[in-house]
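Undergrad: fold the following, please.
(one chain, ligands or ions: 2)
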Amino acid sequence: MGETPAVALRGVTKTFPSAGGAIDVLHDVDLIIAPGQKASLIGPSGSGKSTLLSLIAGLLRPDCGTVTVGGVELARLGDTDRARLRADHIGIALQSENLIPFLSARENIELALGFAGSIKHEPARERADALLERFGLSHRADHKPRHLSGGEAQRVALAVAMANEPALLLADEVVAALDDETAGHVVDQVLDAPFAVLYVTHDPALADRVEHRFQLRNHRIEPR
Ligand SMILES: Nc1ncnc2c1ncn2[C@@H]1O[C@H](COP(=O)(O)OP(=O)(O)OP(=O)(O)O)[C@@H](O)[C@H]1O
Ligand SMILES: [Mg+2]
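TA: Numbering: from 1, shown residues only. Ligands and ions are numbered 1, 2, ... in the order given. Reported below is the predicted structural model:
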């Protein structure tokens with residue numbers, strides 16, 4: 001028996017209802033990511049990359065097929081257990097970053113640490129500051145999100161997603177607003193981490209930094 005994958009999608013199909021008829025987004029998609037594996041996903045705008053991440057995060061349900069995270073099939077869980085699995089196992093940094101507007105950068109990370117119910121290492125503040133330093137943001141720790149640049153806010157969102165050392169990090173174009181040098185440094189930090197990572201990017205050079213490369217084409221995931 002092999003080890004339990006960090007993520008397994010089998011036969012996943014997803015459509016969205018719309019006035020003009022159903023929109024087919026994903027059709028019979030299979031995907032497996034091993035524990036600790038780093039994978040990139042590339043594909044045209046509107047091809048379904050963000051939809052795929054939302055399905056893995058349990059924020060959307062597939063029409064058919066199964067989504068399994070750490071060996072647990074999401075459809076078998078109730079809302080509370082699914083939310084708990086997400087909090088405990090999955091870090092999510094989405095395209096539209098979701099920081100709490102009235103908390104500072106540091107407090108946003110501390111809040112994420114509190115949510116997991118246990119702090120695995122240092123006290124929350126030290127861990128938050130260490131993450132900010134890794135992303136080159138020590139000097140912005142006390143800034144509220146509206147006083148951060150777009151790229152700084154994205155990096156804080158990534159620090160929030162990584163705060164609890166999730167088993168799986170889902171990152172949706174989180175370095176899109178960064179210059180090449182900063183983006184390279186941020187990706188270094190992410191690829192250095194022990195957890196499995198699936199990151200979406202429009203930049204082929206960034207996608208090529210990992211061995212496991214996927215593309216979304218014609219509603220399916222293919223290796224590239
Ligand atoms: N909640 C929804 N209701 C209806 N249609 C949706 C919904 N969410 C996404 N779509 C449609 O599904 C398709 C895939 O969207 P998705 O956001 O997954 O694309 P994407 O590959 O992430 O694109 P981008 O690179 O622009 O971020 C698009 O055509 C989009 O309009
Ligand atoms: Mg998207």
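Undergrad: from here on, just use CA atoms for contacts and neighbour counts.
TA: Will do.
Undergrad: tell me how far the closest residue to residue 94 other than its chain neighbours lies from ligand 1.
TA: Once flanking residues are discounted, residue 94 sits nearest to residue 172: 4.9 Å by Cα to Cα, 6 or more residues apart in numbering. Plainly put, residue 172 is 8 Å away from ligand 1 if you go by Cα to the nearest ligand atom, to the nearest Å.
Undergrad: I figured residue 172 hits residue 95, correct?
TA: Yes: at 5.0 Å, residue 172 counts as touching residue 95 under the criterion of Cα atoms under 8 Å.
Undergrad: overlap in contacts, those two.
TA: The contact sets of residue 172 and residue 95 overlap at residue 50 (Cα atoms under 8 Å, 6 or more residues apart in numbering).
Undergrad: who has more neighbours out of the two?
TA: A count of neighbours by other Cα atoms under 10 Å puts residue 172 above the other of residue 172 and residue 95, at 23 against 16.
Undergrad: so in this structure, where's the weakest helix or strand by average pLDDT?
TA: Using mean pLDDT, DSSP states H and E, the weakest-scoring helix or strand in the chain turns out to be helix 105-115, at a mean of 87.
Undergrad: helices or strands up against it?
TA: Helices and strands touching helix 105-115, by 3 or more Cα pairs under 8 Å, 6 or more residues apart in numbering; DSSP states H and E, are helix 124-134, helix 150-162.
Undergrad: do you know which of these lies nearest residue 17?
TA: Shortest separation from residue 17 across the helices and strands packed on helix 105-115 is recorded for helix 150-162, at 30.2 Å, computed as Cα to Cα.
Undergrad: who are the packing partners of the closest one?
TA: When contacts are defined as 3+ Cα pairs under 8 Å, 6+ apart, helix 150-162 sits against strand 90-93, helix 105-115, helix 124-134, strand 168-172.
Undergrad: for the residue most central in space within the chain, give me the pLDDT.
TA: Per Cα atoms, centre = their mean, the C-alpha nearest to the average position across the chain is that of residue 170, at 1.6 Å. The score at residue 170 is 96. That number is its pLDDT.
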